[in-house]
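> quick check, what structure comes out for this input:
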Amino acid sequence: MPRFIEKLEMMNLPCILAKDTLVYPFMTLSLEIIGDADIELCEEASDTQSYILLVAQKDPSMEDPSADDIHDVGTVCRIKQFLRLPEGNARLVAEGVYRANIFSLEKQGETWSCEVMCKAVSINADTLKVQALMREVLMQFEEFKKYMPKLSAEVISAVQSIKDPGMLCDYIAFNILVSFADKQAVLSVFDPLKRLEKLATIMAKELKILSTELNIHNKVRQQLEENQREFYLRAQLKVIQNELGEGGADTEIDEYDEMIYNAHLPEEVEGKLLKELRKLAKTPYASSEAAVIRNYIDTCLEIPWSKTTTDRLDIKKASDILEADHDGLEKIKERILEFLAVKQLNPSLNNQILCLVGPPGTGKTSICESIARAMERKYVRVCLGGVRDEADIRGHRRTYIASMPGRIVNGLIQAGSRNPLMLLDEIDKLTSDAHGDPSSALLEVLDSEQNKHFRDHFVEIPIDLSDTLFIATANSLDTIPRPLIDRMEIIELNIYNRHEKLSIAKNHLVRKQRERHGLNGRTLKITDEAIFDIIDFYTSEAGVRNLNRELASICRKAAKRIVSGQQKSCRVTRDNLNEYLGNQKILPKEIDERDAVGEVNGLAYTQLGGDILKIEIASMKGSGKLELTGSLGEVMQESARTALTCIRTRCDELGIDPDFHKDMDIHIHVPEGAVPKDGPSAGVTMAVALASELTGKAVRRDVAMTGEITLRGKILAIGGLKEKSMAAYKAGVKTILIPKDNMRDLEEVDENVKNNVTFIPLETLDDALASALA
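The predicted structure follows:
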């Protein structure tokens with residue numbers, strides 16, 4: 001081991017690895033040595049006054065580094081002092097002598113040895129570039145002093161006295177730089193001029209970092225001072241409020257904070273409410289703004305953000321509940337059972353939006369309650385009839401006085417669940433005005449792809465409506481905007497026939513009215529024949545509302561008779577029905593007693609059900625004028641003209657004067673002129689009536705018909721066959737002529753009708769004439 005270096009040349013030296021420390025030439029460093037091999041090596045170097053190489057690892061955390069994990073430049077050091085410590089380690093004081101470039105490293109047992117080249121590069125300190133760089137470094141050092149108030153006077157004095165550029169760089173880097181990587185970067189530069197440039201670049205970067213840190217520190221300190229000031233003022237305010245009896249504000253804030261924490265809200269909702277709570281804490285307790293914030297927080301806490309109920313997916317149980325609660329309504333029952341079945345197979349299925357369309361009183365609203373009970377979902381009804389303001393759906397913005405959330409959010413609050421069955425009742429009764437179009441707001445609600453992020457203007461936080469089962473009801477689709485219809489699955493509810501009404505009355509209405517009026521099955525009995533007469537002669541409706549009212553009237557009169565002692569019990573039959581309900585309100589429609597010329601039984605479909613539509617035609621000498629009366633709509637008038645033209649094309653076959661349209665006036669009349677009538681389905685009826693009048697052949701009295709006619713005499717399909725056939729059956733018709741394309745609809749026709757009425761399919765007018773003319 002060499003004792004001294006007489007000249008700069010390639011040398012072999014023992015090597016000590018440092019994890020995160022280094023020393024520059026002409027500077028001393030106190031270093032603790034761990035490991036018996038390294039301690040013995042250093043002790044020998046101290047005893048023999050030999051040199052060692054101190055070099056740093058690239059990764060301080062590495063326990064067993066290889067040669068590639070060690071920096072290429074270290075410092076040749078002289079050990080000035082060596083001391084063994086009681087715990088077995090050693091401490092030495094090393095003085096840097098030269099920078100050394102490492103050419104090879106070799107591990108020998110537990111120690112390292114290396115081959116190094118020591119370099120000492122000197123430059124002329126009087127050149128302009130060196131002077132400029134030294135001045136720049138000294139100016140940067142002066143800036144550093146502002147950020148390092150604890151910098152010792154000894155370091156400041158030494159920097160100002162050093163004249164050698166290389167030593168100045170090393171001394172400043174050793175005492176100023178924080179980053180070990182920057183210190184190693186300075187050590188690795190042998191040329192003092194380049195070392196000055198390197199140090200100037202590093203110090204400029206560090207000054208920017210220190211400036212930024214100081215700004216951040218000042219802002220934090222200012223914020224802390226403001227918070228302390230606010231805390232002090234609030235403490236004073238609390239004392240003042242307690243003295244004035246207004247000390248409930250802090251308690252209220254704490255209560256709200258606890259409620260928000262215990263509500264387990266989504267992150268976005270909780271963040272919004274905490275922000276509002278901080279605003280409330282800074283707002284005077286009795287101010288109007290504080291009341292608005294309280295109302296907002298209360299409303300948001302009432303919304304069931306994550307509360308749900310578990311669906312009952314037992315199809316048999318759900319079916320039993322639906323059947324027990326309602327007679328008929330097979331389409332909607334089947335659709336709900338299908339939904340439950342698919343829900344079992346795919347729990348993540350988006351809820352389909354349903355729309356029940358049908359006349360009043362057909363059970364649209366009540367079936368929804370049963371569906372909710374069958375699925376074990378919360379039920380909430382949102383009435384949309386007469387809603388004309390978009391804010392009723394989306395809510396009012398909080399900037400308005402007395403603002404509140406919309407009906408959808410209120411419905412969720414009322415249900416207390418995120419997945420209720422929400423009935424949108426009377427969706428066809430929505431209107432619009434200058435305040436907006438509520439049907440447009442419903443587009444987002446009823447779109448299963450968009451309602452995951454429904455945004456109420458009052459709440460201002462997206463609300464997930466995808467788990468809510470929406471069912472809308474309407475009497476007609478005519479007033480519902482097309483985009484809204486496209487988002488719903490339309491299910492049309494059929495009009496009840498008399499047998500379905502009888503079943504509903506016996507199974508539901510009579511029992512409920514007895515209970516409501518304090519009666520039972522012993523004190524009041526109503527026969528089936530009496531109920532049929534109530535249906536036929538006291539009500540005229542598609543549903544059962546008026547039937548329910550008439551049954552309530554019977555119960556009231558029965559209760560009066562029993563309480564007054566006139567009777568102990570009452571039995572209502574067909575014979576004594578008028579004693580309870582008075583004279584019949586509706587005269588029965590019956591067919592004529594004999595066949596007639598120019599008179600045909602047509603069939604019509606209305607919102608109240610089917611009806612017999614008598615067509616009468618009279619002809620007289622004139623100028624070929626066609627008169628249409630009976631409140632006929634445009635479509636029905638066009639059907640009359642089409643039927644007339646069709647008959648004119650068949651004059652030869654029917655034996656009619658081809659010029660009858662020039663010499664005769666024809667009057668087509670449909671009785672009950674106060675009732676508007678329209679539609680194309682009376683075309684074949686008018687054509688047969690015209691043929692009967694012009695040929696003088698009578699039409700069979702027990703035949704009724706329906707169908708649209710073309711100029712070529714073809715008979716086209718119509719709607720409402722079930723209701724039309726029931727009306728014909730009640731009037732005593734034995735044969736019904738229907739378009740051939742409607743024969744597939746016979747499966748929907750009542751069994752009593754099919755058993756007592758003959759249905760004849762029609763392809764052309766000739767088929768109708770052959771079956772109808774006597």
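
> care to break this structure down by domain?
10-119, 247-302, 315-492, 498-581, 599-772 (automatic domain parsing).

> residue 593 is nearest to which of those domains?
Closest of those to residue 593 is domain 599-772, at 7.2 Å (criterion: C-beta to C-beta). (Glycine included, C-beta is placed from N, CA and C.)

> turn the domains of the chain into JSON lines, columns for distance to residue 142 and mean neighbour count.
Below are the domains of the chain laid out as JSON lines (distance: least, C-beta to C-beta, whole Å; neighbours: other C-beta atoms under 10 Å):
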{"stretch": "domain 10-119", "distance to residue 142": "21", "mean neighbour count": "17"}
{"stretch": "domain 247-302", "distance to residue 142": "45", "mean neighbour count": "15"}
{"stretch": "domain 315-492", "distance to residue 142": "54", "mean neighbour count": "18"}
{"stretch": "domain 498-581", "distance to residue 142": "96", "mean neighbour count": "17"}
{"stretch": "domain 599-772", "distance to residue 142": "96", "mean neighbour count": "19"}
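
> including distance to residue 224 and mean pLDDT, could the ones you listed go into CSV?
CSV is the format used below for these (distance: least, C-beta to C-beta, whole Å; pLDDT from 0 to 100):
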stretch, distance to residue 224, mean pLDDT
domain 10-119, 33, 87
domain 247-302, 17, 80
domain 315-492, 32, 82
domain 498-581, 71, 87
domain 599-772, 74, 87
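
> nearest to residue 194, out of the ones you listed?
Per C-beta to C-beta, nearest to residue 194 of the domains of the chain: domain 10-119, 12.6 Å.

> end to end on that closest one, go ahead and measure it.
End-to-end span of domain 10-119 (C-alpha to C-alpha, to the nearest Å): 10 Å.

> distance from that domain to the middle of the chain?
68 Å (C-alpha atoms, centre = their mean, to the nearest Å).

> could you do stretch 159-169 as well?
Stretch 159-169 sits 71 Å away from the centroid of its parent chain (C-alpha atoms, centre = their mean).

> just stretch 399-407 next, same as before
21 Å.

> so what touches that stretch?
292, 299, 382, 384, 387, 391-397, 410, 413, 441, 456-459 (C-beta atoms under 8 Å, 6 or more residues apart in numbering).

> these in strands, which ones?
Judged by DSSP state E, the contacts of stretch 399-407 include residue 382 as members of strands.

> among the contacts of stretch 399-407, which are in helices?
Among the contacts of stretch 399-407, DSSP state H puts 292, 299, 391, 392, 393, 394, 410, 413, 441 in helices.

> closest to residue 214 out of these?
Distances from residue 214 to the ones in helices among the contacts of stretch 399-407, taken by C-beta to C-beta, are shortest for residue 292, at 41.7 Å.

> against residue 255, how distant is that closest one?
For residue 292, the distance to residue 255 (C-beta to C-beta, to the nearest Å) stands at 18 Å.

> repeat for residue 287
19 Å.

> who's in contact with the most centrally placed residue in the chain?
Geometric centre of the chain, nearest residue: residue 452, 1.8 Å, by C-alpha atoms, centre = their mean. Shown in contact with residue 452 (C-beta under 8 Å, 6+ apart): 462, 464, 465, 466.
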